[in-house]
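Peer 1: Here is a sequence with its predicted model. Questions after.
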Amino acid sequence: MRHTFSVYFSMKAKRILLLPSLALIICLAGCGVKIVNTTPPTFPASPTGTYKLSALAELKNSAVQADSLEAFVVIDGQQNPMTLSADSPNLFEYNYQAPSDKELTRFYYVLNFVQKTRDQSLTEVQIISDIYRVILPNPITLSLQAPRAAIGTRTSVLGEKFAETDIIFVGSMPAETIFISASELQFIVPEVTPGFGHKVEVRSITRAQTAGYLRVDRANPLSVLPSKLTLQSGQRVALAFALTNPAPYGGLYINVTTDIPDCIIMPEVIIPEGARTVSATLEGGKVGSGQLFINATDIPELVIPVTVE
């Protein structure tokens with residue numbers, strides 16, 4: 001709903017007036033501009049915490065010089081310049097970065113312009129709106145699925161309103177990003193310096209938000225190929241496991257589990273003592289999609305997406 005107002009001047013408003021009282025008297029006698037508040041009373045949650053406040057300057061006669069219009073929005077006593085919209089004439093906008101703990105914001109508009117008087121002279125005029133309020137939603141929060149991960153492994157960022165165009169950055173380095181759903185993005189940890197405190201950030205055209213800080217471990221000493229599986233029901237596929245160093249005394253047991261047990265038939269996997277590689281045959285069961293979770297002692301978990309068609 002759009003709200004209009006009649007020009008008035010409160011004690012609060014007088015503290016920010018910059019123009020002579022004569023101009024105010026002229027405006028009260030016949031002001032040629034009306035401000036329309038076009039800011040909605042509530043906003044949906046914004047990933048960046050930024051909300052657009054807007055007001056339309058409606059010109060009621062030709063006495064007002066349109067190119068002289070200058071608008072401000074006053075929030076918490078702070079006067080902020082508004083910018084003219086490129087899409088609508090005489091529509092002014094301001095991108096308000098709301099504090100994370102703020103649920104309600106009150107504001108009002110100040111409009112300056114030049115207007116012709118009856119004797120055709122030019123007079124500077126200032127008008128001030130009523131006080132409006134807008135209810136702000138709780139901000140969208142992001143989180144890391146795990147606080148640490150090894151280079152080359154896959155982990156997730158959890159949150160809301162993700163899009164397929166979102167990209168995850170680890171520090172200043174973009175990571176291979178996989179859109180899972182509107183509430184989850186997965187990414188492959190890129191080649192960054194191992195250690196604590198790598199900022200993980202989700203970036204897009206409208207978002208640049210920190211999800212948390214990741215401890216990055218050295219690249220996983222265990223690799224699995226292929227890194228993604230697609231097979232038919234009843235089809236058998238070889239899965240190759242490789243270590244950077246020979247398997248320890250007694251061999252290395254690799255625990256392979258899945259979240260789709262009816263879709264995958266998988267034998268036990270052991271890399272023999274002193275060996276670096278082993279292969280195992282995986283067979284497709286019922287149709288479905290999910291993941292293989294590969295774990296071994298002192299080795300970070302590997303996750304392999306799998307689809308049975």
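Peer 2: All right, it came through fine.
Peer 1: Show residues contacting stretch 201-214.
Peer 2: If you take C-beta atoms under 8 Å, 6 or more residues apart in numbering as the criterion, stretch 201-214 is touched by 47-48, 140, 142-144, 147-149, 155, 157, 159, 162-163, 165-170, 185, 189, 196-200. C-beta coordinates here come from the backbone N, C-alpha and C atoms, glycine included.
Peer 1: Enumerate every residue touching the spatially closest residue to T281 that is not a sequence neighbour.
Peer 2: Using C-beta to C-beta, 6 or more residues apart in numbering and skipping the chain neighbours, the partner closest in space to T281 is R236 (5.2 Å). The contact partners of R236, by C-beta under 8 Å, 6+ apart, come to T281, L282, E283, G284.
Peer 1: Sitting in strands, which of those do you find?
Peer 2: The members of those that map onto strands under DSSP state E are T281, L282, E283, G284.
Peer 1: that older thread, so what sits opposite the residue nearest to T281 in the bridge?
Peer 2: Using DSSP bridges, the bridge partners assigned to R236 are E283.
Peer 1: And it, how far from F187?
Peer 2: Relative to F187, R236 is positioned 31 Å away (C-beta to C-beta, to the nearest Å).
Peer 1: Return the distance of the residue nearest to T281 relative to L229.
Peer 2: In this structure, R236 lies at 11 Å from L229, with C-beta to C-beta as the measure.
Peer 1: sorry, back to before: generate a ChimeraX selection restricted to the buried entries among the contacts of R236.
Peer 2: When burial is assessed using 16 or more other C-beta atoms under 10 Å, the buried subset of the contacts of R236 is captured in ChimeraX by this command:
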select :282,283,284
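Peer 1: can you list the domain ranges for this structure.
Peer 2: Split into domains by automatic domain parsing, the chain comes to 3-135, 143-217, 222-308.
Peer 1: one step back: now for R236 and L229: what residues contact both?
Peer 2: With contacts taken as C-beta under 8 Å, 6+ apart, R236 and L229 have L282 as neighbours in common.
Peer 1: and the closest residue to A280 other than its chain neighbours, what are its bridge partners?
Peer 2: In space, A280 comes closest to V269 once its chain neighbours are excluded; the distance is 4.8 Å by C-beta to C-beta, 6+ apart. For V269, the residues forming beta bridges with it (DSSP bridges) are I254.
Peer 1: ok now do V269, which residues does it touch?
Peer 2: Applying C-beta under 8 Å, 6+ apart, one finds that V269 lies in contact with F241, Y253, I254, V256, V278, A280.
Peer 1: That one and F179: what is the separation?
Peer 2: From V269 to F179 the distance is 30 Å (C-beta to C-beta).
Peer 1: same question, L252
Peer 2: As defined by C-beta to C-beta, L252 lies at a distance of 34 Å from F179.
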